[in-house]
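# return a 3D structure for these sequence lines:
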Amino acid sequence: MQLKKISRVLISVSDKTGIIQVANALRENKVEILASDGTAAFLKENGIDAQSISEITQAPEMLGGKVKTLHPAIHAAILANPDIPSERDQLISVGPIDAVIVNLYPRPGFDIGGPALIRAGAKNCESVSVITSASQYQEFVAGLSQGFSLVQREAWAREALVVTAEYDLQLAAERGKQLRYGENPHQGAYLVSQSEIGVAGAEVFQGKAMSFNNYLDVDAAWKLCNATPNSISIVKHGIPSGVAFAADVVMAYRSALACDPTSAFGGVVASSQSIDENCAIEITKNFTEVVVAPSYSDGALKVFSTKPNLRVIRIKESRPHSREIRAIDGGYLVQERDVFSESDTSANWRLDAGNHGDSLQRSDLEFAWRIAAFSRSNAIVIVKNMSTIGIGAGSVNRLDAARSAVERARLHLSSALPGSVAASDAFFPFPDALQILAEAGVSAIVHPGGSINDAQVIAAAHEAGITLYSSGIRHFSH
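Numbers count the residues shown, from 1 in each chain. Next up, the predicted model:
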């Protein structure tokens with residue numbers, strides 16, 4: 001593993017804690033020190049020789065210090081590949097810079113030059129070590145005598161890009177829309193959005209200000225509507241309580257509500273179709289926090305105006321992100337967005353037990369399959385006639401999810417259970433959950449398959465006389 005020693009470093013730090021010790025170690029290792037004017041003055045005051053950016057570029061700081069390190073001579077020295085003679089020949093005033101030590105202005109400052117230096121160093125991590133935190137100083141100093149590997153430089157570059165991403169997001173939040181609070185009243189919250197795009201940029205016709213939790217529920221409901229066209233979904237705490245398809249929007253709403261009217265109380269109603277006056281009348285019969293749709297009739301808006309606290313919003317344009325990001329302690333998880341492909345249909349599922357049903361049964365299965373993908377796992381969704389009749393979601397085991405789905409169906413729509421279908425968002429680890437569904441009257445089930453106990457599950461389906469499909473793909477919402 002080839003190690004690369006540092007010969008020239010650029011330091012520009014707002015927080016100067018620990019930087020004298022680092023500079024002393026650099027000096028001991030005969031590393032040339034360049035620094036932004038303020039940092040150079042600080043180092044010189046402490047007996048450390050450092051050449052300032054202004055001395056190198058012969059360009060003084062401008063606009064009261066707003067423009068300091070933004071100079072082609074500096075960025076070229078960071079971005080150049082020292083092993084390519086033609087790139088070295090283009091450098092002026094200073095040779096290649098192979099280490100950058102930068103920390104950013106504390107917020108609510110707005111650092112321009114610092115992020116630019118960090119990003120330049122991260123881009124050229126094959127040649128440059130980029131240090132962005134005092135917590136990295138000890139490791140950096142310890143390796144100066146031997147040099148640093150490409151693996152180490154790449155690790156620092158990843159950390160550096162997270163630093164600039166978090167900084168930019170915080171700046172955007174401070175300039176975004178301040179919400180009353182976050183998930184709880186003691187938490188501050190902001191909405192950062194692109195203009196008039198998606199849930200974040202929705203047009204608000206009326207009602208109280210949208211809350212943090214409202215936005216989360218609307219996002220979940222709207223994604224579900226887009227995955228199940230011409231449907232209405234009712235979502236509470238990010239989990240659907242009812243979803244239905246119908247050509248008539250009023251019938252779709254009634255069917256969605258009938259699945260679980262108790263859980264629908266205080267939920268979000270989302271429609272992928274325009275909401276008309278008759279549907280608005282039905283919605284206002286129940287307590288609803290938010291209604292979202294692509295459009296409304298004038299009559300619908302007039303009906304909603306009788307409920308001044310009801311939030312009524314319109315999403316003009318959807319532009320889903322291709323990736324999803326979740327913060328965890330010490331970092332972030334980034335994944336591609338889960339999407340349904342054209343081949344993700346019953347025509348491509350494997351029939352493991354029973355017989356292929358008619359077109360209505362297959363449509364119900366595909367409908368249940370899509371809703372399960374947007375129901376918090378463990379999830380079981382029971383459907384009949386393109387309407388949910390029971391949803392068990394957010395359970396810590398699949399057995400409880402099946403029981404919950406059946407119990408909800410029995411509570412509100414017990415007569416619909418015979419001949420219904422069900423979808424499980426992940427495989428059945430044991431036959432027990434499938435047996436609960438079959439005993440309740442479910443006639444066909446789809447699950448991803450892939451359990452070590454698939455043979456037992458298939459045998460249970462045969463014994464119960466029901467149809468069982470394996471999709472071969474999992475849509476799982478953790």
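# what residue ranges in this protein score low on pLDDT?
Within the chain, the stretches with pLDDT under 70 are 1.
# longest single helix anywhere in it?
Ranked by residue count, the top helix of the chain under DSSP state H comes out as helix 150-174.
# check what contacts it and list those residues.
Outside helix 150-174, the residues that touch it by Cβ atoms under 8 Å, 6 or more residues apart in numbering are 1-2, 4, 104, 107-108, 110-111, 115, 118-119, 121-122, 125-126, 128-133, 136, 143, 190, 192, 331-332. Any C-beta I mention is one placed from the backbone N, CA and C, and that applies to glycine too.
# among those, name the buried ones.
Buried by 16 or more other Cβ atoms under 10 Å: 4, 104, 111, 115, 118-119, 121-122, 125, 128-132, 136, 143, 190, out of those.
# for beta bridges, what are the partners of the residue nearest the centre of the chain?
The residue lying closest to the centre of the chain (Cα atoms, centre = their mean) is Glu324, at 3.1 Å. Listed by DSSP bridges, the beta-bridge partners for Glu324 are Gln335.
# among the buried ones among the contacts of helix 150-174, which are located in helices?
Taking DSSP H, the ones among those that sit in helices are 115, 118-119, 121-122, 143.
# which one of the residues you listed is nearest Val13?
In terms of Cβ to Cβ, no member of these lies closer to Val13 than Ile118, at 11.7 Å.
# roughly how far apart are the closest one and Val334?
Distance from Ile118 to Val334, counting by Cβ to Cβ, to the nearest Å: 19 Å.
# repeat for Val199
Going from Val199 to Val334 by Cβ to Cβ gives 20 Å.
# please apply the same query to Glu183.
To Val334, Glu183 is 22 Å away according to Cβ to Cβ.
# and Gly267, its phi and psi?
The phi/psi pair for Gly267 (degrees, to the nearest 10) reads phi -100, psi -170.
# and it, bridged to which residues?
Gly267 forms beta bridges with Thr288, as assigned by DSSP bridges.
# got the contact list for it?
217, 234-236, 241, 288-289.
# for Pro229, give its distance to Leu413.
Distance, Pro229 to Leu413, by Cβ to Cβ: 23 Å.
# to clarify, my last question referred to Gly176.
Taking Cβ to Cβ, one finds Gly176 at 43 Å from Leu413.
# Ser341 now?
Counting by Cβ to Cβ - Ser341 and Leu413 are separated by 32 Å.
# before we move on, what about Arg153?
Arg153 sits 61 Å away from Leu413, going by Cβ to Cβ.
# again, but for Glu154
Counting by Cβ to Cβ - Glu154 and Leu413 are separated by 56 Å.
# higher neighbour count, these two?
The residue with more neighbours, out of Glu154 and Leu413, is Leu413; 20 against 13, by other Cβ atoms under 10 Å.
# so is that one in a helix, a strand, or just coil?
helix (DSSP: H, G, I helix; E, B strand; the rest coil).
# swap in Ser255?
helix.
# tell me, how many residues neighbour it?
Quick note: Ser255 (other Cβ under 10 Å) scores 23 neighbours.
# my read is that it contacts Ala247, right?
No - between Ser255 and Ala247 there is no contact under Cβ atoms under 8 Å: 11.9 Å.
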